[in-house]
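Engineer: from the sequence below, what's the structure:
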Amino acid sequence: AGTVRNCRIVKGVASAEGGGIFMTTLGCLAEYCVITDNDGGALGGGIAMETQGNASHCVILRNVAGTWGGGGVYCRSGGTLRNCLIAGNQTTSLNAPMSAGIFTDHNSFLIENCTIVRNNEGGVYNRGGGQLKNCIIYFNEPINHNGAPPMDYSCTTPLPLTGSGNTDMNPEVADPGSGSGPGAVLGDYRLLLGSPGLDAGTALAAVTNDLDGRARPQDGSPSVPGALHDMGAYESEAYTNGPFRCSFTVSPAGGLSPLTSVFTAYVAGSNGVTNVTYHAWDFGAGTTPQGGAALNVATNVYGAGVYT
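Structural biologist: Numbers count the residues shown, from 1 in each chain. Predicted coordinates for the structure are as follows:
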């Protein structure tokens, strides 16, 4: 057993597995680490967990694995990941469908409140039992998950075959980035107001704060009563606290013409700085501006085209 804490682990190379960290015994822990640009050889570019390792509050970026996958993390015979961002990892494996984000091999793994995005050759591949809860698995290429990983209260597409509380809606993050693998442009995966991931997780006793250190849960959504865990590695500030901020969502964002889209505005901030008296919507040339004191929802009909 051993602990690696508050470290930056960069450009490690392994011939077989665990380019950044290789956990071989019970009780190994990595926390508050940045693990980036490592090469695991066959397995686990960032971290390889052979026997129930643990990683918490880690950022696992742009790592590579080859023959069997798990560019970010490889979990064999268990392992726990909490509050981790796993992004921009890659596998060069020809043994499809081994995943670049996380490859879970055999049973008993546990992945809670992790954000798994922009990985090349998939987000999560499951070859055994275990559980994902309160996770965001999105923007991975060419697929987000395979092997039917058991999943609850998570955001991914397509929806998993089993589980409860899942959504396939866009998670509505501050900046989704673009591309996948080490060449990806990584964004900001904190949730915007109106995100379907706000207050949409399940209560997890072992998850008491987020990747930034913010206490969980917070009451991040005015439309969901009470303070509940968010999905993903980041917990949003309570909507009644902090500076004034605003956002909107649109649904549907694409489809056949003519397309009627519904826009919903959200505002948040402490009472001293937030006092909304009017909403105004302008959808551009050829449309009639809409506005009103309580008009936080508006619709617009679109013809064929791309709109920004």
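Engineer: contacts, neighbours, all on C-alpha from now
Structural biologist: Will do.
Engineer: next, the buried residues of the helix or strand encompassing Ser247.
Structural biologist: Here Ser247, judged by DSSP states H and E, is contained in strand 245-251. Burial within strand 245-251, assessed by neighbour count using 16 or more other CA atoms under 10 Å, is assigned to 248-249.
Engineer: now do stretch 203-214
Structural biologist: By neighbour count on 16+ other CA under 10 Å, the buried set for stretch 203-214 is 203, 207, 209-211.
Engineer: quick one: contacts of it?
Structural biologist: Identification of contacts with stretch 203-214 by CA atoms under 8 Å, 6 or more residues apart in numbering yields 57-58, 82-84, 112-113, 215-217, 228-229, 233-235.
Engineer: likewise for stretch 163-180?
Structural biologist: By CA under 8 Å, 6+ apart, the list of residues contacting stretch 163-180 reads 88-89, 118-120, 136, 138-141, 150-160, 184-192, 194-197, 200-201, 249.
Engineer: run the last query once more with 7 Å
Structural biologist: The contact list for stretch 163-180 (CA atoms under 7 Å, 6 or more residues apart in numbering) reads 88, 118-120, 140-141, 150-159, 184-192, 195-197.
Engineer: quick one on the thing from earlier: and the buried residues of stretch 203-214, which two are the farthest apart?
Structural biologist: Looking at the buried residues of stretch 203-214 by CA to CA, the two members farthest from one another are Ala203 and Leu211, with 16.6 Å of separation.
Engineer: low-confidence regions, the stretch 201-308 of the chain specifically.
Structural biologist: Within the stretch 201-308 of the chain, the stretches with pLDDT under 70 are 272.
Engineer: strands of that one, start to end?
Structural biologist: For the stretch 201-308 of the chain, the strands identified by DSSP state E, counting those that start in this stretch occupy 245-251, 259-268, 279-281, 290-292, 297-302, in order along the chain.
Engineer: ok so, going back, name the helices or strands packed onto the strand holding Ser247?
Structural biologist: Contacting strand 245-251 under the criterion 3 or more CA pairs under 7 Å, 6 or more residues apart in numbering; DSSP states H and E are the following elements: strand 259-268.
Engineer: change it to 10 Å
Structural biologist: Contacting strand 245-251 under the criterion 3 or more CA pairs under 10 Å, 6 or more residues apart in numbering; DSSP states H and E are the following elements: strand 259-268, strand 297-302.
Engineer: need the helices for this protein, in chain order.
Structural biologist: Remark: no helices are assigned in the chain by DSSP state H.
Engineer: list the residues that contact the spatially most central residue of it.
Structural biologist: Within the chain, one residue has its C-alpha closest to the average C-alpha position: by CA atoms, centre = their mean, that is Thr115, at 2.6 Å. Listed by CA atoms under 10 Å, 6 or more residues apart in numbering, the contact set of Thr115 reads 59, 82-87, 123, 134-138, 154-155, 189-190, 231-234.
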